[in-house]
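K.L.:
Based on what follows, work out the 3D shape:
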Amino acid sequence: AVLQYLGDHFVPALVPANGTLARARLQEILNYLAAEYHKAWTPLFYLAKGADATDAQRPVIAKQTYLNGLLADGRDYLLGNDFSVADTYLFAVTRWSVNFGISLEALPALQAFMARVEARPSVKAVLKAEGLPELFNKA
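P.N.:
So this is what the prediction gives:
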């Protein structure tokens with residue numbers, strides 16, 4: 001709800017118009033990202049220091065595999081060829097993969113998505129402002 005509100009009020013180009021099928025698709029993918037994907041990361045944040053993360057990584061990898069399948073149909077972004085607030089959410093959460101030792105090598109469509117989003121000038125500017133490294137477009 002918050003991402004849609006921000007899009008509606010500050011960057012309307014990032015959200016489809018209310019009442020459209022595209023808006024329903026946005027809500028569908030945002031619900032999946034929040035209720036399934038984001039939630040799957042929770043056990044990783046509560047692992048004991050030095051504990052084996054393999055079991056905690058499995059649900060995340062399963063969700064990433066599903067998302068890779070969505071993106072593997074040739075679309076650039078979650079809603080097709082239009083960048084949306086859903087893409088910002090997927091990008092932010094998926095960056096955690098590096099911190100938790102989850103490789104995207106077996107997920108080429110998701111890996112390409114991450115590189116594509118990271119290459120956007122607005123994303124580059126945010127990463128620089130936050131002092132965060134580029135992880136998917138290394139020279």
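K.L.:
and the one residue sitting closest to the centre of the chain, what does it touch?
P.N.:
The centre of the chain sits closest to L90, judged by C-alpha atoms, centre = their mean, with a distance of 1.2 Å. By C-beta atoms under 8 Å, 6 or more residues apart in numbering, the residues touching L90 are L33, Y37, L67, L78, F113. For glycine as for every other residue, the C-beta is placed from the backbone atoms N, C-alpha and C.
K.L.:
Return a PyMOL selection command for the buried portion of the residues you listed.
P.N.:
In PyMOL syntax, the buried subset of the contacts of L90 is picked out as below (16 or more other C-beta atoms under 10 Å):
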select buried, resi 33+37+67+78+113
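K.L.:
Now flag whichever of the contacts of L90 is closest to Q4.
P.N.:
L33 (12.4 Å; C-beta to C-beta).
K.L.:
show me where pLDDT drops low in this protein?
P.N.:
Where the chain drops to pLDDT under 70, the residues are 139.
K.L.:
Next secondary structure after the longest helix seen in it?
P.N.:
Longest helix of the chain, by residue count under DSSP state H: helix 54-71. Note on helix 54-71: by DSSP states H and E, the next helix or strand toward the C-terminus is helix 85-94.
K.L.:
roughly how far is that following helix from the heart of the chain?
P.N.:
Computed by C-alpha atoms, centre = their mean, to the nearest Å, the chain-centroid distance of helix 85-94 equals 3 Å.
K.L.:
which of the residues in it are buried?
P.N.:
Neighbour counts over helix 85-94 (16+ other C-beta under 10 Å) mark V85, A86, D87, T88, Y89, L90, F91, V93, T94 as buried.
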